[in-house]
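> A predicted structure for the sequence below; I have some questions about it.
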Amino acid sequence: MASGFIEHPLVYELNARCWLRALTARHGRRIELGDVPEEEFDSWRRLGFTHIWMMGVWTTGPRSRDVFLRQPDTAGRLKVILPDWREEDVAGSPYAIAAYRVPDSLGADAGLRAFREQLHRHDLGLLLDFVPNHVGLDHPWLQEHPDWFIRAGRRVPGTFPVPTREGETWIAHGKDPNFPPWIDTAQLDYRLPAVRAATIEQLQIVATMCDGVRCDMAMLLLNDVFEQNWEGFPRSSPTSDSEFWANAIAAARRPGFLFLAEAYWDLEARLQSLGFDFTYEKRVLD
């Protein structure tokens, strides 16, 4: 793929799990990311796409999945969508990430590398998700660094207990301030320099695996938005004067690499001013 910046990229989003399952059914053999038939790539090029956004390639975990399945309304909602659904059909949210690794069921990291190489041979780029605001309940940081998360001294709505060496702490689920918390996630505290540094390091690793990132709920990490969202929870560090995204994008930027932001509340231009190449036009999307 050409390394120069594409002024008008045309992105095709694929749900990795569903798409590979459909390919497997169509071809009568198991297909993973590393052995996608050539005609798929030829079709994308004929249609004029420049990038494939392979949504949902990262590892999720059983705890996040089980929390979703145990909700009282889960079975009823799923039955409306898929009347013959079974529990084994539910893989868990692709945005409750346990690790930025590709699971074996999709072809592992080696399969993703092979898929990207095929894309490049067809002059296509690969976009992957980056979800910085929160992690899934199976993420190792919850055990290794419970102090990296938004915490409460006692049980309050939207939190869950995590044992620590000192006893127990209550960690907040990730949330958009206008909706109930995402119960399969844990909210990172971006007031902490250690969290910002660790997330930027993770972004740099992800950026070596693709040609651009689609950044989930990017506006939630803006300093003022984050402060307003979590003002009722205690802090152990003052908020940085600099914006996270300006530092993160500068650290991971390379020629031709695309930064796409999911953005609400008319914050698109502001995120672009911090380094994003493109943002959703949310009103049009809705």
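Noted; the coordinates are in hand. Residues are numbered from 1 along each chain as shown.

> buried stuff in stretch 88-106?
Buried positions in stretch 88-106, judged by neighbour count with 16 or more other Cβ atoms under 10 Å: 92-100, 102-103, 106. Using the backbone N, CA and C atoms, a C-beta is placed for each residue, glycine as well.

> got the contact list for that stretch?
With contact meaning Cβ atoms under 8 Å, 6 or more residues apart in numbering, stretch 88-106 is reached by 15-17, 20, 32-33, 55-62, 64-65, 68-69, 78, 82, 108-109, 111-112, 129, 131, 134-140, 182, 184-185, 202, 205-206, 216.

> doesn't residue 214 fall inside a strand?
Yes. Applying DSSP: H, G, I helix; E, B strand; the rest coil, one finds residue 214 inside a strand.

> what number of residues lie near it?
Using other Cβ atoms under 10 Å, the number of residues around residue 214 comes to 24.

> Filter the buried residues of stretch 88-106 down to the ones in helices?
Using DSSP state H, the subset of those located in helices is empty.

> residues touching residue 272, list them.
261, 278-279.

> rerun that using 10 Å as the cut-off
259, 261, 263, 278-279 (Cβ atoms under 10 Å, 6 or more residues apart in numbering).

> In CSV: those, plus pLDDT.
What follows is the contacts of residue 272, written out as CSV (pLDDT from 0 to 100):
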residue, pLDDT
259, 97
261, 97
263, 93
278, 95
279, 94
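
> Filter those down to the buried ones, ChimeraX style.
In ChimeraX, selecting the buried portion of the contacts of residue 272, with burial taken from 16+ other Cβ under 10 Å, looks like this:
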select :259,261,263,278,279
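
> Closest to residue 220 out of the contacts of residue 272?
Proximity to residue 220 was ranked across the contacts of residue 272 by Cβ to Cβ; first place goes to residue 263, at 9.7 Å.

> low-scoring stretches of the stretch 101-250 of the chain, by residue?
Scanning the stretch 101-250 of the chain with the threshold set as pLDDT under 70 gives no residue ranges.

> all strands for it, in order.
Taking DSSP state E, counting those that start in this stretch as the test, the strands found in the stretch 101-250 of the chain are 125-130, 134-136, 151-152, 159-164, 167-172, 185-187, 212-215.

> who's in contact with the fourth one?
By that I understand strand 159-164. Contacts with strand 159-164, where a contact means Cβ under 10 Å, 6+ apart, come from 67, 137, 142-143, 146-147, 149-152, 155, 167-173, 181, 183, 186-187, 233.

> re earlier: so how do I select the buried members of the contacts of stretch 88-106 in ChimeraX?
Buried residues within the contacts of stretch 88-106, by 16+ other Cβ under 10 Å, are selected in ChimeraX with:
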select :16,17,20,32,33,55,56,57,58,59,60,61,64,65,68,78,108,109,111,112,129,131,134,135,136,137,138,139,182,184,185,202,206,216
